[in-house]
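*Asks:* Predicted model, plus sequence, below.
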Amino acid sequence: MSDPKARVDAYLVAGGLYHDIDYARVELLKLLAEHPHVRVKVGSDYRDTEGIAASDFLVTYTCDVRPTDEQQEALAAYVRGGGRWMALHGTNSALDFVENGVDAPRSAFPKMAHTLGSQFVAHPPIQQYRIEKRAPDHPLVHGVDEFETDDELYLCEYHDFEKLEVLLDCQYSGKAEGFIEADWEDADRHLVMYLRPLGEGAVLYNTLGHCRGHWDMRPAMDYFPAVERCSWEKPEYHELLRRSIRWCLREL
């Protein structure tokens, strides 16, 4: 009989607006449960800084969750001290609905944006995009086929861009209708999955994974007409998530 694996403590933050957070939370917990030695603590924001600091790795799926300055400092210290953070989709988003559209205020969490390596600015309407590999030999993506997905393509502002290790990206230039910063005609490639080293630790960011149910657009509307699952329906996305968890476990 082989020696049992040591317990690993993970922290999952799943919360925020305009997404089916319940769906994403359950799907991530199912993937984490494929590793029986991983025990997961769940929160809806970053207030439990002590619990996060005590965890072996952090997973986040949020939208417009804005940590305080103290919480941002704690997150940066966690990564700099050797922590691994698997950040998904809207973790880097802050949204203000203003008169002329949706704004992405840079003042919302500048320290966290620097830790993450990016901040969401806008996205075009959900449509088909081709996700392409930029580091085909990296174990996080090696052997995963390039794929088409209908998702929110995140158009971002990057921090320490030269230090980011790009794993997946996508080509797009055009308009992001409805957003204050709508003109991306001069843009070309946009990061979809990257590694952001920081101190002794790192962030693994994957911008894919939009999901929304009928009841997730309050206060903008009471009932959203469509159920959106996007990349969650793609086997390639699930494989990327599985490998990302293995990276958090330091198996990749």
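*Replies:* Received it, and whenever you're ready, just let me know what you need. As the structure is a prediction and not an experimental result, all values here were calculated from the model. Residues are numbered from 1 along each chain as shown.
*Asks:* Make sure residue 114 is indeed in a strand.
*Replies:* No: Residue 114 is assigned helix when assessed by DSSP: H, G, I helix; E, B strand; the rest coil, not a strand.
*Asks:* how close does the residue lying closest to it once chain neighbours are set aside get to residue 171?
*Replies:* The shortest distance from residue 114 to any residue other than its chain neighbours is 4.7 Å, reached at residue 159 (C-beta to C-beta, 6 or more residues apart in numbering). Heads up, the C-betas are built off the backbone N, CA and C, glycines and all. Plainly put, residue 159 is 22 Å away from residue 171 if you go by C-beta to C-beta, to the nearest Å.
*Asks:* just residue 158 next, same as before
*Replies:* 16 Å.
*Asks:* Which of the three states applies to the closest residue to residue 200 other than its chain neighbours?
*Replies:* Leaving aside its chain neighbours, residue 200 sits nearest to residue 82 (4.0 Å; criterion: C-beta to C-beta, 6+ apart). What three-state DSSP gives for residue 82 is coil.
*Asks:* before we move on, back to that, looking at residue 159 and residue 171, which has the bigger crowd around it?
*Replies:* residue 159 (17 against 12; other C-beta atoms under 10 Å).
*Asks:* Let me see the contact set for that one.
*Replies:* 113, 114, 116, 117, 118, 119 (C-beta atoms under 8 Å, 6 or more residues apart in numbering).
*Asks:* now swap in residue 14 and tell me
*Replies:* 21, 24, 25, 28, 42, 43, 44, 60, 61, 62.
*Asks:* can you put those residues in TSV and add secondary structure, distance to residue 6 and neighbour count?
*Replies:* Output for those, formatted as TSV (DSSP: H, G, I helix; E, B strand; the rest coil; distance: C-beta to C-beta, whole Å; neighbours: other C-beta atoms under 10 Å):
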residue	secondary structure	distance to residue 6	neighbour count
21	helix	31	22
24	helix	28	24
25	helix	26	17
28	helix	22	23
42	strand	21	16
43	strand	23	15
44	coil	28	15
60	strand	24	28
61	strand	26	25
62	strand	29	25
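*Asks:* List the buried residues in stretch 216-231.
*Replies:* 216, 217, 224, 228, 229, 230, 231 (16 or more other C-beta atoms under 10 Å).
*Asks:* Now do the end-to-end distance for that stretch.
*Replies:* In stretch 216-231, first residue to last residue: 18 Å (C-alpha to C-alpha, to the nearest Å).
*Asks:* Next, work out how far apart the residue nearest to residue 120 when sequence neighbours are not counted and residue 251 are.
*Replies:* Leaving aside its chain neighbours, residue 120 sits nearest to residue 93 (3.8 Å; criterion: C-beta to C-beta, 6+ apart). To residue 251, residue 93 is 29 Å away according to C-beta to C-beta.
*Asks:* Next: residue 68.
*Replies:* 33 Å.
*Asks:* who's more crowded, the two?
*Replies:* Taking other C-beta under 10 Å, residue 68 and residue 251 do not tie; residue 68 has more neighbours (13 against 10).
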